[in-house]
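Student: make a model of this:
(one chain, ligands or ions: 1)
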Amino acid sequence: MKKAAAIEALKFVKPGMKIGLGTGSTANHFIEALSVKVKEGLNILGVPTSRASKDLAEKLGITLTNLDAQARIDLTVDGTDEFDSELRLIKGGGGALLFEKIVASSSRTMIVIADESKKVKKLGKFPLPVEINRFGTTATAAKIERVFAHLKLDAKLVLRLRDGKPFVTDGGHFIIDCTIGAIPEPQKLDVLLRSIPGVVETGLFIGLCNIVLMGTPKGVKEFKRG
Ligand code: 5RP
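Tutor: Numbers count the residues shown, from 1 in each chain. Purely as a prediction, here's the structure:
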């Protein structure tokens with residue numbers, strides 16, 4: 001289903017485009033499908049959202065550029081951990097949320113590719129990743145907890161680990177995963193969390209995604225933001 005959605009996304013790719021390359025297993029399907037078109041002669045430039053997507057795209061022969069070389073790009077195709085009916089997202093399960101958000105917000109169009117498991121009635125089934133600076137982690141975590149208490153949300157915070165050590169993002173930060181349950185006001189939560197000194201970014205993507213392509217056993221369904 002993820003691969004079917006990735007292949008459908010190729011329909012939005014035009015010669016000469018600069019294309020943001022997302023991170024994760026679904027985005028990898030897109031990078032692979034795009035590389036086949038490149039081998040057939042399609043001329044595009046890729047803008048990776050992580051070291052992992054950069055390595056894969058380079059290995060598959062996609063020519064890359066970055067947001068130091070240009071401020072705006074045409075299209076980003078990325079996966080998600082969740083999306084709701086307003087095409088609001090929770091992303092960052094793979095830890096690339098900061099670079100993914102920078103690239104998506106620099107794109108004329110953001111397309112999310114997903115399978116049906118990613119569609120939710122209310123955001124919050126998936127723990128919300130919050131990327132924080134490594135300086136003062138305990139103090140920042142306490143402020144994050146205060147935001148949840150203020151919103152009367154019962155959240156459980158966990159510092160993301162890899163091999164027993166704190167996971168470090170490509171930007172050199174830590175991630176706190178916040179298990180919340182249904183989030184009543186995602187935008188308000190996002191604004192409050194991002195106002196904390198030490199919070200670098202949240203995994204809430206609001207007003208960024210234009211189209212979701214969702215692979216289903218009956219074909220790929222398209223959702224557009226109104
Ligand atoms: C990485 C992400 C991914 O897009 C998200 O975790 C979905 O991954 P997958 O396609 O492997 O299910 O946000 O930071």
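Student: which residue lies nearest the spatial centre of this structure?
Tutor: Nearest to the geometric centre of the chain sits Lys91, at 4.2 Å (Cα atoms, centre = their mean).
Student: which parts of the chain are helices?
Tutor: Applying DSSP state H to the chain gives helices spanning 2-9, 25-39, 51-59, 97-104, 137-150, 186-194.
Student: redo those as JSON lines? Include distance to Gly171, mean pLDDT and mean neighbour count.
Tutor: Any C-beta I mention is one placed from the backbone N, CA and C, and that applies to glycine too. As requested, those are arranged in JSON lines below (distance: least, Cβ to Cβ, whole Å; pLDDT from 0 to 100; neighbours: other Cβ atoms under 10 Å):
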{"stretch": "helix 2-9", "distance to Gly171": "26", "mean pLDDT": "98", "mean neighbour count": "22"}
{"stretch": "helix 25-39", "distance to Gly171": "18", "mean pLDDT": "98", "mean neighbour count": "20"}
{"stretch": "helix 51-59", "distance to Gly171": "11", "mean pLDDT": "98", "mean neighbour count": "18"}
{"stretch": "helix 97-104", "distance to Gly171": "5", "mean pLDDT": "98", "mean neighbour count": "25"}
{"stretch": "helix 137-150", "distance to Gly171": "15", "mean pLDDT": "98", "mean neighbour count": "16"}
{"stretch": "helix 186-194", "distance to Gly171": "15", "mean pLDDT": "98", "mean neighbour count": "18"}
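Student: out of the ones you listed, which gets nearest to Cys178?
Tutor: helix 137-150 (7.0 Å; Cβ to Cβ).
Student: top strand in the chain by residue count?
Tutor: In the chain, ranked by residue count with DSSP state E as the criterion, the top strand is strand 107-115.
Student: any buried residues in it, and which?
Tutor: Under the neighbour-count criterion of 16 or more other Cβ atoms under 10 Å, strand 107-115 has 107, 109-115 buried.
Student: relative to Lys156, which of the helices of the chain is closest?
Tutor: helix 137-150 (9.4 Å).
Student: still on that earlier bit, may I see the helices of the chain arranged in TSV, with distance to the ligand as well?
Tutor: Shown next, in TSV, are the helices of the chain (distance: least, Cβ to the nearest ligand atom, whole Å):
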stretch	distance to the ligand
helix 2-9	6
helix 25-39	3
helix 51-59	9
helix 97-104	5
helix 137-150	19
helix 186-194	15
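Student: so which of these comes closest to Glu201?
Tutor: The nearest among the helices of the chain, by Cβ to Cβ, is helix 97-104 at 4.6 Å.
Student: so what secondary structure elements neighbour that closest one?
Tutor: strand 73-78, strand 128-132, strand 199-202, strand 204-205 (3 or more Cβ pairs under 8 Å, 6 or more residues apart in numbering; DSSP states H and E).
Student: can you lay out those as a markdown table showing mean neighbour count, mean pLDDT and distance to the ligand?
Tutor: Shown next, in a markdown table, are the helices and strands packed on helix 97-104 (neighbours: other Cβ atoms under 10 Å; pLDDT from 0 to 100; distance: least, Cβ to the nearest ligand atom, whole Å):
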| stretch | mean neighbour count | mean pLDDT | distance to the ligand |
| --- | --- | --- | --- |
| strand 73-78 | 25 | 98 | 5 |
| strand 128-132 | 26 | 98 | 8 |
| strand 199-202 | 23 | 98 | 11 |
| strand 204-205 | 27 | 98 | 9 |
